[in-house]
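# Output the structure for:
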Amino acid sequence: MRWLRTCCNAWPHWSKKDDRRAESHYICDTASMSNRIYLDNAATTALDPGVLEVMLPYLRDKFGNPSSIYSYGRETRLAIENARKSVARILNAHPAEIFFTSGGTESSNTAISGAVRDLGCRRILTSPIEHHATLHTVEYLTKRKEARVEYLRVMNDGHVDLDHLRELLAASDEKTLVSLMHANNEIGNLTDLHAVGNLCNDFEAIFHSDTVQTVGHFPFDLRNTPVHFITGSAHKFHGPKGAGLLYINENVRIQPFLHGGGQERNMRAGTENVYGIAGFAKALEQATENHAAESAHIRELKYYMAQQLQAKLPAVSFNGDPFGASNYTVLNVSFPLSEKSEMLLMNLDMAGICASGGSACTSGAQQGSHVIQAINSNPNQVPVRFSFSKYNTKAEVDTVVARLTDLI
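Residues are numbered from 1 along each chain as shown. Modelled structure (predicted):
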């Protein structure tokens, strides 16, 4: 408000009446901001108050460097190791297999680069619908001629063809890395980790899975899952941004991706994000404790929105396999192209509704979704991703569907 008044006072023809009008407009804008409907939880989620409460002491009072040997350092070191034990217990892994990073992108870069440079993988099998953290890393390594890549077929429903994976694994004795995400971040399709992992074991391949969309949303039993690397990111399940996870199976040894210090047991150099790590562990604890009730609530919202859209807008269709092997948090909808739907995301934003056309990592680039292009290249459809959290309600869904009906 102070900034607004300063600007108003600097304007030569400004009056007190105008000042009151501007103040009223400011208040209206603030109110409308608080009434936004947020349906882009696959991009990021709101920080849970309980998570913030756990983080605050490490932002205010417990500020010591975890590598310091005096009491301030020891208490933050203890917080990190307690968080590691908690995460390991929830994922049924050993604490020595859990490494904290800045997020899913760093974790995937570390795993893929390590598999190529340290584990001898000279061939990479992946799909064209992976997150760009995987695709761009693979492209970089192939451009440097450190590995070659082959892409798996993707079926019309968005699932990766596992028969094709078997064919490619059987076609070469070359050491191979398989990188397939657990749940697609744009269409929600789930890949069977056990099926892929068992195939990799049959052909002695290394298996990396981007599980950013599923850690905190599905139970994991890593001791009994045939996977070498998985990734996680706290802000996908109501934790803080900038706090990530890399699981490295105890039978795998790779070199650090970042150099410069002995942090994270010599796996990741740099002073640890103590408050972020504490927040990661707390968010995962809460998500696990409340999984049954919250997943049922979110799944009901997804199905309810799909039903309402089909009833009110029969011309819509759904991308991927939303009612089959799918993440319960994501619904990707295609609307028929028209003058009204062409600017649909912008019009939704103007109505206070947050949704997306694809990955949050590329939504500002106006490139279109590489995932949708791979499974549905119909230029007469406009895809929109709606993704839900525990904070969303049926009333919000009703409002969004009504607005969509008006717009289209």
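# And the nearest residue to S86 once chain neighbours are set aside, how far from F237?
Spatial nearest neighbour of S86, excluding adjacent residues (CB to CB, 6 or more residues apart in numbering): A281 at 4.5 Å. In this view, the C-beta of every residue, glycine as well, is placed from N, C-alpha and C. Distance of A281 to F237, computed by CB to CB, to the nearest Å: 12 Å.
# rewinding a little: in the helix or strand the residue nearest to S86 falls within, what counts as buried?
Applying DSSP states H and E as the criterion places A281 in helix 274-289. Neighbour-count burial for helix 274-289, counted by 16 or more other CB atoms under 10 Å, picks out 274-288.
# helices or strands up against that helix?
helix 49-60, helix 71-91, strand 98-101 (3 or more CB pairs under 8 Å, 6 or more residues apart in numbering; DSSP states H and E).
# quick one: pLDDT of the residue nearest to S86?
We note a pLDDT of 98 for A281 in this prediction.
# how about whichever helix or strand comes after the helix holding A281: buried residues?
Scanning forward in sequence from helix 274-289 by DSSP H and E, the next helix or strand is helix 291-312. Buried residues in helix 291-312, counted by 16+ other CB under 10 Å: E294, S295, H297, I298, L301, K302, M305, A306, Q308, L309.
# just the strands in the protein please.
Taking DSSP state E, the strands of the chain run over residues 37-38, 98-101, 123-126, 148-151, 176-179, 206-209, 229-233, 244-248, 317-318, 330-336, 353-354, 381-387.
# out of these, which comes closest to N65?
Comparing those against N65 with CB to CB, the closest turns out to be strand 98-101 (15.3 Å).
# so where's this protein uncertain?
Applying pLDDT under 70 to the chain flags the ranges 1-34, 358-367.
# circling back to that earlier point, overlap of the contact sets of A281 and F237?
Residues touching both A281 and F237 by CB atoms under 8 Å, 6 or more residues apart in numbering: none at all.
# what about the residue nearest to E186 when sequence neighbours are not counted, how many neighbours?
Once flanking residues are discounted, E186 sits nearest to V371: 4.2 Å by CB to CB, 6+ apart. Around V371 there are 27 other residues, counting by other CB atoms under 10 Å.
# Now tabulate the buried residues of helix 291-312 in a markdown table and tack on distance to P379.
Listed next are the buried residues of helix 291-312 as a markdown table, based on distance: CB to CB, whole Å:
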| residue | distance to P379 |
| --- | --- |
| E294 | 38 |
| S295 | 35 |
| H297 | 36 |
| I298 | 32 |
| L301 | 30 |
| K302 | 27 |
| M305 | 25 |
| A306 | 24 |
| Q308 | 26 |
| L309 | 21 |
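# out of these, who's nearest R117?
Closest approach to R117 among the buried residues of helix 291-312 (CB to CB): S295, at 38.1 Å.
# Who are the contact partners of the residue nearest to that closest one when sequence neighbours are not counted?
Of all residues not flanking S295 in the chain, Y328 sits nearest, at 5.9 Å (CB to CB, 6+ apart). Y328 is in contact with G188, H217, S295, I298, R299, K302, counting by CB under 8 Å, 6+ apart.
# neighbours around C354, how many?
By other CB under 10 Å, 17 other residues sit near C354.
# check contacts around it.
R36, I37, Y38, L39, D40, L348.
# Just give the number of residues close to G103.
Applying other CB under 10 Å, we find 22 residues neighbouring G103.
# same check, this time on N198
Other residues near N198 come to 12 when the count uses other CB under 10 Å.
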